[in-house]
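Novice: Coordinates only, no sequence provided:
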């Protein structure tokens, strides 16, 4: 089943999506939602990020080839992770399918995109087994991890390089009936394939991360876990970047330039 989070007629909510149309519900899809009885069409709604997570977890360097590529580019030896260690991102950076990725007015370099599998947690998990971790995933969606690399190198933290507004497109929906470990991730730039890799070719899979994280941190329904990427793709203003994960769907976003702030905005 596919679940969307939508905006229509001044309201936001969750809905089931099928071949008939959009079926809004009361409540959250992982918590016994009640159908409203309405029926909308997909073109009547705006697709939002399919969940706003209580906690936004993210994995880095989770594909061996990507680790080796980064090391080669930096002139260092590859250092493959020896255990699953998770990080965090900011929910303010989330944006939905079709919405623009905005290059900040004072950023001069290229942006880089990484197409990622995203696990959506559906139940409370604490010190869980691998079997419980598997059962605790409600479904799967797609993320585009946008990075401003010049800022990433210049700043002490990733605060703006990874978390600027619109830098984390996610969507278009949550798919509950797919085995993403058997999927293929394809990244296209302006309709041309720029990268393709086996989604499941990870160093540690989602359940490894959930088990390890839950040893110390309680996972809650609606939390998301971004699983890293095997390739980066440079993109610039005017480009459209699309991430397809077979069995889930396609997340597509144009890149636009932010207008410089006015004097009043600079000095409120």
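Specialist: Cool, got the structure. Here the structure is a predicted model, which means the values were calculated and not measured.

Novice: Any figure for the gap between the nearest residue to residue 242 once chain neighbours are set aside and residue 95?
Specialist: The shortest distance from residue 242 to any non-neighbouring residue, by CB to CB, 6 or more residues apart in numbering, is to residue 252 (4.1 Å). (Glycine included, C-beta is placed from N, CA and C.) In this view, residue 252 and residue 95 are 12 Å apart by CB to CB, to the nearest Å.

Novice: neighbour count winner among these two?
Specialist: Between residue 252 and residue 95, counting by other CB atoms under 10 Å, residue 95 is the more crowded of the two (22 against 19).

Novice: where does that one sit relative to residue 84, distance-wise?
Specialist: Distance from residue 95 to residue 84, by CB to CB: 27 Å.

Novice: quick one: the helices in the stretch 1-150 of the chain?
Specialist: Assigned by DSSP state H, counting those that start in this stretch, the stretch 1-150 of the chain shows helices spanning 64-74, 130-136, 149-154.

Novice: What lies in contact with the second one?
Specialist: The reference is to helix 130-136. 121, 122, 123, 125, 128, 206, 207, 208, 210, 211, 214, 219 (CB atoms under 8 Å, 6 or more residues apart in numbering).

Novice: From the chain's centroid, how far away is it?
Specialist: The chain centre lies 21 Å from the centre of helix 130-136; the measure is CA atoms, centre = their mean, to the nearest Å.

Novice: So for that helix, what gets flagged as buried?
Specialist: 132, 133, 136 (16 or more other CB atoms under 10 Å).

Novice: Next: the first one.
Specialist: Of the residues in helix 64-74, those buried by neighbour count under the rule 16+ other CB under 10 Å are 66, 67.

Novice: From the contact counts, what lies against that helix?
Specialist: Here helix 64-74 touches no other helix or strand, going by 3 or more CB pairs under 8 Å, 6 or more residues apart in numbering; DSSP states H and E.
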